[in-house]
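Q: coordinates for the following, if possible.
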Amino acid sequence: MSQFISVFDMLKIGVGPSSSHTLGPWRAAQEWVQELRRTNLFETIDAVKVDLYGSLSLTGKGHATDLAILLGLSEADPEYIPIEDIAIIVERINTQEELYFKGGKKVPFLKNSIVFNREFLPFHSNGVTFRGFYEGKEVSTETYYSIGGGFIVQENNNLEEEIEINKTNFPYPINRAKQLEEYCETNNMLISEIVYKNELEIYSAEKIDFELQRIWDTMLECMYIGCHTKGILPGGLNVKRRAFDIQEKLIKDAQYSNPTEWITAIRNSEVKFREILKWVSCFALSVNEVNASLGRVVTAPTNGSAGVIPAVLMYYLVIENHEADFNQIKQFLLTAGEIGSIFKKNATISAAMGGCQAEIGVSSAMAAGALTELLGGTPAQSLVAAEIAMEHHLGLTCDPIGGLVQVPCIERNSMGAIKAINAAEMALETNPKEVKVPLDKVIDTMWETAKDMNKNYKETSEGGLAVTVGLADC
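A: As a prediction, this is how the structure comes out:
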């Protein structure tokens, strides 16, 4: 059987702009420092060097990989670090050319201590090697791979803290969508109920509710910040934030002072079809504008696709069901997380491995399935919705201009959210027994498409819009 992937693995709180190029390397740097401490090498090392390989090198600058390395080596935690501290820590390291560790230890770290290598390592396209030295001799060498969604592995190792999912460990071991559907039918349970039973084998009910609430609070705060921040995104493309202007036109003269009151204000606003489209787009854009500016987001399942799930869930709360509360939010997140985990187990959620179909496509499928459940669809219809959403993202390339998670990435979240809502509505009018393409088949197809895709279209910025539209054009 495969590894258990929790909803809290698929929905992680972190810092933008990229889960694979920012959060993963950040976590790898933290892990390496912890390894130095475990092996009693920490007090010994007097120099550190870092090598980035493949996609981490090619788009590393635009994805703030070098900054993430500095923050991880400084032992800052991306889940909890105050956003305003990021620039301070990075500036201090770059100015003083020293790393500061917990406990007061300092190690020289020159501006050329991070090396960008264009070659790809065989194991995975996102490789990073940390080297520790003592008096010029290399005493520690560890290579990590950022495999998407903030997950990191080392070659020939499984995911950290792997838990095998089988009948002994979990009541409903799930590897394929078909298994999930069968559990739901046999036990007359919703997808979210099946997922919740499995999560209870790892966490208490109180812990699950607390963490899901924290995830939603982070998503809501992210949308709120994005919708109330003007200006130009960093990085050199001079991309103007759009969520602020869209939100101002839609909200009109409504009065509110916090995210909760904001939800009420939106519920009282005009809800014609065009306004609904604009609100959904606004929610998605707002998240990814925050993400592009190194703000705090929830990987869903990645940072580059972080706007789809919050936008669709917010759509349900402010348009479809004004009486919705935490119970519906919990349902949505549990269902979305499980659908995402099936994609991860059988394909990829890394754009460096599968193009943007692995990010926006998966997030749209997750959102579509979860929304369908909230709208009263059967588990089978939820899986149909996920299939429809992914089917119409197949082959989507990853071609960020300048290596920045901005163009076309931000708009793609808006499109992914709209597609998810449309897929849910189509699924609700579908008899699952008449469906020609089951979810498992589209996942297999997505993986085959990923393997066939030219590497230039897998988050390298060496093809597509990244080549035809250069920085000079912007």
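
Q: please enumerate the strands of the stretch 151-300 of the chain.
A: Ranges of strands within the stretch 151-300 of the chain are 151-153, 296-299, based on DSSP state E, counting those that start in this stretch.

Q: which of these is buried the deepest?
A: Highest mean neighbour count among these (mean count of other CB atoms under 10 Å): strand 296-299, with a mean of 27. No exception for glycine: its C-beta is placed from N, CA and C like everyone else's.

Q: so where is the stretch 351-474 of the chain shaky, pLDDT-wise?
A: Scanning the stretch 351-474 of the chain with the threshold set as pLDDT under 70 gives 470-474.

Q: centre-most residue in this protein?
A: The residue lying closest to the centre of the chain (CA atoms, centre = their mean) is residue 302, at 1.5 Å.

Q: tell me who's in contact with it.
A: Counting by CB atoms under 8 Å, 6 or more residues apart in numbering, residue 302 touches 18, 19, 20, 148, 149, 150, 349, 350, 351, 359, 363.

Q: in three-state terms, label residue 383 for me.
A: helix (DSSP: H, G, I helix; E, B strand; the rest coil).

Q: show me what contacts it?
A: Under the criterion of CB under 8 Å, 6+ apart, the neighbours of residue 383 are 177, 180, 181, 191, 339, 369, 432, 438, 439.

Q: hmm, 6 Å instead?
A: In this structure, residue 383 makes contact with 177, 181, 439, judged by CB atoms under 6 Å, 6 or more residues apart in numbering.

Q: from those, which land in helices?
A: 177, 181, 439 (DSSP state H).

Q: so what's the second one up against?
A: Listed by CB under 6 Å, 6+ apart, the contact set of residue 181 reads 379, 380, 383.

Q: residue 283 versus that one, what's the distance?
A: Computed as CB to CB, to the nearest Å, the residue 181 to residue 283 distance reads 30 Å.

Q: next one: the first one
A: With distances taken as CB to CB, residue 177 is found 27 Å from residue 283.

Q: higher neighbour count, the two?
A: When residue 177 and residue 283 are compared for neighbours, residue 283 comes out ahead with 31 against 27, by other CB atoms under 10 Å.

Q: count the neighbours of the closest residue to the more buried one other than its chain neighbours for me.
A: Among residues not flanking residue 283 along the chain, residue 311 sits closest, at 3.8 Å (CB to CB, 6 or more residues apart in numbering). Summarising burial for residue 311: neighbours were counted as other CB under 10 Å, giving 30.

Q: returning to what we had before: okay if I get the ones in helices among the contacts of residue 383 as JSON lines plus distance to residue 458?
A: Shown next, in JSON lines, are those (distance: CB to CB, whole Å):
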{"residue": "177", "distance to residue 458": "25"}
{"residue": "181", "distance to residue 458": "31"}
{"residue": "439", "distance to residue 458": "23"}
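
Q: looking at this structure, which helix is longest?
A: Per DSSP H, the chain has its longest helix at helix 205-227.

Q: ok so, going back, for residue 241, state which of the contacts of residue 302 is nearest.
A: When these are ranked by distance to residue 241 (CB to CB), residue 18 comes first, at 18.6 Å.

Q: helix/strand/coil for the closest residue to the closest one other than its chain neighbours?
A: Leaving out its chain neighbours, the residue that sits closest to residue 18 by CB to CB, 6+ apart is residue 63, at 4.3 Å. Following three-state DSSP, residue 63 is assigned to coil.

Q: what about residue 63, how many residues close to it?
A: For residue 63, using other CB under 10 Å, the count is 29.

Q: dump the residue contacts of it.
A: Contacts here follow CB under 6 Å, 6+ apart; on that basis residue 63 touches 17, 18, 21, 22.

Q: can you list those residues in a markdown table and add distance to residue 132 and pLDDT?
A: Formatted as a markdown table, the contacts of residue 63 follow (distance: CB to CB, whole Å; pLDDT from 0 to 100):
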| residue | distance to residue 132 | pLDDT |
| --- | --- | --- |
| 17 | 28 | 94 |
| 18 | 26 | 91 |
| 21 | 23 | 93 |
| 22 | 23 | 94 |
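
Q: can you pick the most crowded of these?
A: With neighbours taken as other CB under 10 Å, the top of the contacts of residue 63 is residue 18, carrying 39 neighbours.

Q: tell me the contacts of that residue?
A: 63, 303, 304, 405.

Q: pLDDT value on the first one, please?
A: Going back to what we said before, that points to residue 63. Residue 63 is assigned 91 on the pLDDT scale.

Q: for the second one, same thing?
A: Residue 303 carries a pLDDT value of 95.

Q: what do you get for residue 160?
A: Per-residue pLDDT puts residue 160 at 46.

Q: with distance to residue 137 as extra columns, can I get the contacts of residue 181 in CSV?
A: Below are the contacts of residue 181 laid out as CSV (distance: CB to CB, whole Å):
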residue, distance to residue 137
379, 59
380, 61
383, 56
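
Q: so which of the strands of the stretch 151-300 of the chain gets nearest residue 451?
A: Set against residue 451 and scored by CB to CB, those come closest in strand 151-153, at 18.7 Å.

Q: quick one: strands adjacent to the closest one?
A: Strand pairing for strand 151-153, using DSSP bridges, gives strand 137-148 (antiparallel).

Q: dump the strand it pairs with to PDB, keeping only the CA atoms.
A: Provided in PDB are the C-alpha atoms of strand 137-148 (Å, rounded to 0.1, in the frame of the first residue of the first chain):
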ATOM      1  CA  LYS A 137      37.600  20.100   4.700                       C
ATOM      2  CA  GLU A 138      34.000  19.100   3.700                       C
ATOM      3  CA  VAL A 139      32.500  17.300   6.700                       C
ATOM      4  CA  SER A 140      28.800  17.200   5.700                       C
ATOM      5  CA  THR A 141      27.200  16.800   2.300                       C
ATOM      6  CA  GLU A 142      23.400  16.300   2.000                       C
ATOM      7  CA  THR A 143      21.300  16.500  -1.100                       C
ATOM      8  CA  TYR A 144      17.500  17.100  -0.900                       C
ATOM      9  CA  TYR A 145      14.800  17.200  -3.600                       C
ATOM     10  CA  SER A 146      11.800  19.500  -3.500                       C
ATOM     11  CA  ILE A 147       9.100  17.400  -5.100                       C
ATOM     12  CA  GLY A 148       6.200  19.800  -5.100                       C
END
